[in-house]
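> A predicted structure for the sequence below; I have some questions about it.
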Amino acid sequence: MTGLTAVTLPAYVAEVYAEWPTETAYATAATRLAIFECISAEFAVRWLRGEARRLADRIDPAPKQVSWGPPRAFRPVTPSGPDCAPALRSWADSEPAATDVLEVLGTRHPFRAAFPDTGATYVLSIWLSTARTGDIWDLPAAPAAQRVGTLTAPLYADAP
């Protein structure tokens, strides 16, 4: 179809990644765990909250919520260092936190939250990318999501 006017839509990108210190004091290494692109800030926040819950369950399963293990196989223990899983769950379940993120995105500023853990920091972020312009029939029908790697099988890069 020709003759239709172009549509400009905002594109929000939500990302979850892990970063950790390297041997040099001025650099960190990072790997993207998941990324999502959509045209709505609300969808991006909802996706990020779900990813925070998923990440918390992979880092440290909540003993009372584990349905895939035998009864009483998991028990709570006192962490010896930073424990980011409860902080991730708390952030994901907090309506005021979601409202704050939407307010930040409403000002067209990026959102970033870091959750330190032993040996790594998990980062949740959303930003407004460059606007998409195109024919309304060329826009994707559904938002695109992608997960890269898992915590049990990290990605490794070959050294140069």
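Okay, I see it.
> which SSE is residue 109 in?
According to DSSP states H and E, residue 109 maps onto no helix or strand at all.
> Look up phi and psi at it.
phi -90, psi 150 (degrees, to the nearest 10).
> I'd like to know how many residues surround it.
Neighbour count for residue 109, taken as other Cβ atoms under 10 Å: 11. Heads up, the C-betas are built off the backbone N, CA and C, glycines and all.
> Please tell me how far it sits from residue 129.
Here residue 109 is placed at a distance of 13 Å from residue 129 (Cβ to Cβ, to the nearest Å).
> What of residue 45?
The spacing between residue 45 and residue 129, counted by Cβ to Cβ, is 16 Å.
> The two: which is more packed in?
Here residue 45 and residue 129 are compared on neighbour count by other Cβ under 10 Å; more neighbours surround residue 45, at 22 against 10.
> The host helix or strand of that one - contacts with which helices or strands?
Per DSSP H and E: residue 45 is located in helix 41-59. Counting contacts by 3 or more Cβ pairs under 8 Å, 6 or more residues apart in numbering; DSSP states H and E, helix 41-59 packs against strand 6-21, strand 28-38, helix 84-93, helix 95-106, strand 120-135.
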